[in-house]
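J.: Here is my input; please provide its structure:
(2 chains)
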Number of protein chains: 2
Amino acid sequence: MTETKIFNIKKKILGKNDQMAQNLRDEFARHNVFVANLVSSPGAGKTELLQATMQELRKNYMPAAVTGDLATENDARRLTKSGSLAKQILTGTMCHLEVDMVQNAIQDWDLAELDFLFIENVGNLVCPGDFDLGEDMRVMLIATTEGEDKPLKYPTLISTCDVVVINKMDIAAAVECDVALLERNIHEVRPGVPIFKTSAKKGFGIDAWTAFLVDQFEAKKAVAA
Amino acid sequence: MTETKIFNIKKKILGKNDQMAQNLRDEFARHNVFVANLVSSPGAGKTELLQATMQELRKNYMPAAVTGDLATENDARRLTKSGSLAKQILTGTMCHLEVDMVQNAIQDWDLAELDFLFIENVGNLVCPGDFDLGEDMRVMLIATTEGEDKPLKYPTLISTCDVVVINKMDIAAAVECDVALLERNIHEVRPGVPIFKTSAKKGFGIDAWTAFLVDQFEAKKAVAA
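T.: Numbers count the residues shown, from 1 in each chain, chains lettered A, B, ... in the order given. Coordinates of the predicted model:
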């Protein structure tokens, strides 16, 4: 197997995914659904952030989530339990979501009834980078427990993200995380990217983060109108 | 691209890797080098554990490490700074190490002079599972900060591991980790796997973990003799 051959195969798979993603993005736009793709390491708190975010959004909007994992329906169950519309995607041995999985997961939902769709990707700092899921915004979560150097060591995925959320702020001091250094490292790899700081567990910073999402949603709707 | 075609391509790449890995394993055996492949999420503390482990081993043995990252030479620099023999492998956009990268990295070293070789894989709970690196032992690190459910949600890689190290024990209480539950979940996915509990940062549990490694090394040498 030559390098060129592998490259061509990869290009073919990605090309098909990107075309489907563009079609899905058009469909989301027709129905005024704002779509965010959440990526992070395993255990950064994606589900916890979604619980808090969707609870806040539900006061005025209709959010839904699909959540990807290799195994277990835990995440969708957690979201459903807290009152949100959610569906699990099981990827088996796959390290990322592809757009056809998202399309299958949402096929029973009426997009006209939704305002926000959150796609919780598989916990992985590398592989989700190549796969457009038709989202409006790609969000990277970094927990204060992961070490300040992670943006520098895993630059490829964060370079494709539109916004970064630093989560687990409540234990930043306990785990001796230098948050200012982490922010500098994020901006070194992705200059100017907006950064939000939250503790999804304690509810800290959720208001500012949610207000930002609502702004993005309203802006998208205004452009479409 | 059909599923069968993708499967066949994957089989071909893996087949070549596995053959090279077997050759490298034979070479390690000829020189009595005990080899451990460390896998984990990003930020679980692989480099910190290696610093502490190699410092302890250096009292009586000659350990070395190769460490994989997408970018930065930080990890090898940290290990070298603490007095250990170490080399960085940069993977660019790749989510795992393959055996030819390891082989290239160690080509200047005389294996006859080494007792232990540690391979620090790319931080990723999925992709390294498919790639044999010629190791004697595959070690999974799980930090108490990641949540007790991770073994259940990412079962494929842990199922290929010979031993699990629960790290960041010093902050288990601060991050409200139920360590007993984490251990039960590990054993649900990988029954009977030995579990060590460490705080690489504080030096806790390093003695028992290092004694275990020395036992494995001596056992391998005894079989070879």
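
J.: Please tell me how far residue A:149 sits from chain B.
T.: 6 Å (C-beta to the nearest C-beta, to the nearest Å). C-beta here means a position set from N, CA and C on the backbone, and glycine is covered the same way.

J.: quick one, what contacts residue A:58?
T.: A:83-84 (C-beta atoms under 8 Å, 6 or more residues apart in numbering or on different chains).

J.: Cross-check the contact I'm expecting between residue A:101 and residue A:91.
T.: Yes - the criterion here is C-beta atoms under 8 Å, and residue A:101 meets it with residue A:91 at 7.1 Å.

J.: Can you work out which residues contact both of the two?
T.: Counting by C-beta under 8 Å, 6+ apart, the residues touching both residue A:101 and residue A:91 are residue A:68.

J.: Just want the angle from the top helix by length along chain A to helix B:3-30.
T.: Counting residues, the longest helix found in chain A (DSSP state H) is helix A:3-30. Interaxial angle, helix A:3-30 versus helix B:3-30 (axes from the mean of the first three to the mean of the last three C-alpha atoms, to 10 degrees): 130 degrees.

J.: Tell me the helices and strands packed up against helix A:3-30.
T.: Applying 3 or more C-beta pairs under 8 Å, 6 or more residues apart in numbering or on different chains; DSSP states H and E, we find helix A:3-30 packed against strand A:34-40, helix A:99-105, helix B:3-30.

J.: all helices of chain A, in order?
T.: Using DSSP H, helices in chain A cover A:3-30, A:46-57, A:74-81, A:99-105, A:150-153, A:155-158, A:179-189, A:206-224.

J.: Can I get those in JSON lines including mean neighbour count?
T.: Shown next, in JSON lines, are those (neighbours: other C-beta atoms under 10 Å in any protein chain shown):
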{"stretch": "helix A:3-30", "mean neighbour count": "13"}
{"stretch": "helix A:46-57", "mean neighbour count": "23"}
{"stretch": "helix A:74-81", "mean neighbour count": "18"}
{"stretch": "helix A:99-105", "mean neighbour count": "19"}
{"stretch": "helix A:150-153", "mean neighbour count": "22"}
{"stretch": "helix A:155-158", "mean neighbour count": "21"}
{"stretch": "helix A:179-189", "mean neighbour count": "16"}
{"stretch": "helix A:206-224", "mean neighbour count": "15"}
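
J.: Would you format the ones you listed as a markdown table with distance to residue B:26 included?
T.: Output for these, formatted as a markdown table (distance: least, C-beta to C-beta, whole Å):
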| stretch | distance to residue B:26 |
| --- | --- |
| helix A:3-30 | 27 |
| helix A:46-57 | 43 |
| helix A:74-81 | 42 |
| helix A:99-105 | 41 |
| helix A:150-153 | 33 |
| helix A:155-158 | 35 |
| helix A:179-189 | 41 |
| helix A:206-224 | 54 |
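
J.: looking at those, which is closest to residue B:17?
T.: helix A:3-30 (13.1 Å; C-beta to C-beta).

J.: Tell me who's in contact with the spatially most central residue of chain A.
T.: For chain A, the residue nearest the mean C-alpha position is residue A:38 (0.9 Å; C-alpha atoms, centre = their mean). Neighbour list for residue A:38: A:46, A:49-50, A:118-121, A:139-141 [criterion: C-beta under 8 Å, 6+ apart].

J.: from these, which single one is nearest chain B?
T.: residue A:46 (10.8 Å; C-beta to the nearest C-beta).

J.: how much space is there between that closest one and residue A:122?
T.: In this view, residue A:46 and residue A:122 are 10 Å apart by C-beta to C-beta, to the nearest Å.

J.: now residue A:149
T.: 22 Å.

J.: Same question for residue A:55.
T.: 24 Å.

J.: Same question for residue A:198.
T.: Taking C-beta to C-beta, one finds residue A:198 at 21 Å from residue A:122.

J.: can you give me the angle the lowest-mean-pLDDT helix or strand in chain A makes with helix A:206-224?
T.: Averaged element by element with mean pLDDT, DSSP states H and E, chain A has its least confident helix or strand at helix A:3-30 (a mean of 87). Following the same axes, to 10 degrees, one obtains 80 degrees for the angle between helix A:3-30 and helix A:206-224.

J.: Which residues of chain A lie near chain B?
T.: Residues of chain A lying close to chain B by C-beta under 8 Å from any C-beta of the partner chain are A:1, A:6, A:9, A:12-13, A:16, A:41-43, A:69-72, A:74-75, A:93-95, A:122-127, A:129, A:143, A:145-147, A:149-150, A:152-156, A:168, A:171, A:174-175.

J.: how about a cut-off of 7 Å?
T.: Proximity of chain A to chain B (C-beta under 7 Å from any C-beta of the partner chain) is limited to residues A:1, A:9, A:12-13, A:41-43, A:69-72, A:74, A:93, A:95, A:123-127, A:145-147, A:149-150, A:152-156, A:171, A:174-175.

J.: Would you mind listing which of the residues you listed are buried?
T.: Among those, those buried by neighbour count (16 or more other C-beta atoms under 10 Å in any protein chain shown) are A:41-43, A:69-71, A:74, A:95, A:123-127, A:145-147, A:149-150, A:152-156, A:171, A:174-175.

J.: Cross the residues you listed against strands and list the overlap.
T.: Among these, the ones falling in strands (DSSP state E) are residue A:69.

J.: Ends of stretch A:139-150, what's the gap?
T.: End-to-end distance of stretch A:139-150: 15 Å, with C-alpha to C-alpha, to the nearest Å as the criterion.

J.: Pretty sure residue A:165 sits against residue A:193.
T.: No - at 10.7 Å, residue A:165 does not count as touching residue A:193 under the criterion of C-beta atoms under 7 Å.

J.: Which one of these two is surrounded by more residues?
T.: Neighbours per residue (other C-beta atoms under 10 Å in any protein chain shown) separate residue A:165 from residue A:193, with residue A:165 holding more: 27 against 16.

J.: What distance do you get for the more buried one to residue B:109?
T.: Relative to residue B:109, residue A:165 is positioned 42 Å away (C-beta to C-beta).

J.: With residue A:225 instead?
T.: In terms of C-beta to C-beta, residue A:225 sits 65 Å off from residue B:109.

J.: Between these two, which is the more surrounded one?
T.: Per other C-beta under 10 Å, whichever of residue A:225 and residue B:109 has more neighbours is residue B:109, with 15 against 6.

J.: Find the nearest non-adjacent residue to that one, please.
T.: Distance criterion C-beta to C-beta, 6 or more residues apart in numbering or on different chains; nearest residue to residue B:109, sequence neighbours excluded, is residue B:64 at 6.5 Å.

J.: Tell me, how many residues neighbour that neighbour?
T.: So residue B:64, with other C-beta under 10 Å, has 20 neighbours.

J.: Hmm, it is touching residue B:85, no?
T.: Yes - if you go by C-beta under 7 Å, residue B:64 and residue B:85 touch, sitting 4.1 Å apart.

J.: Just the C-alphas of stretch A:87-102, formatted as PDB.
T.: Output of stretch A:87-102 as PDB, limited to C-alpha atoms (Å, rounded to 0.1, in the frame of the first residue of the first chain):
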ATOM      1  CA  LYS A  87     -30.500  10.200  21.200                       C
ATOM      2  CA  GLN A  88     -27.400   7.900  21.500                       C
ATOM      3  CA  ILE A  89     -25.200   7.000  18.600                       C
ATOM      4  CA  LEU A  90     -23.100   3.900  19.200                       C
ATOM      5  CA  THR A  91     -19.900   3.900  17.100                       C
ATOM      6  CA  GLY A  92     -18.600   0.400  18.100                       C
ATOM      7  CA  THR A  93     -14.900   0.700  17.400                       C
ATOM      8  CA  MET A  94     -14.900   4.000  15.600                       C
ATOM      9  CA  CYS A  95     -13.000   7.000  17.000                       C
ATOM     10  CA  HIS A  96     -15.200   9.800  15.600                       C
ATOM     11  CA  LEU A  97     -18.700  10.600  14.300                       C
ATOM     12  CA  GLU A  98     -19.400  10.700  10.500                       C
ATOM     13  CA  VAL A  99     -22.300  12.700   9.100                       C
ATOM     14  CA  ASP A 100     -24.400   9.700   8.000                       C
ATOM     15  CA  MET A 101     -24.500   8.500  11.700                       C
ATOM     16  CA  VAL A 102     -25.900  12.000  12.700                       C
END
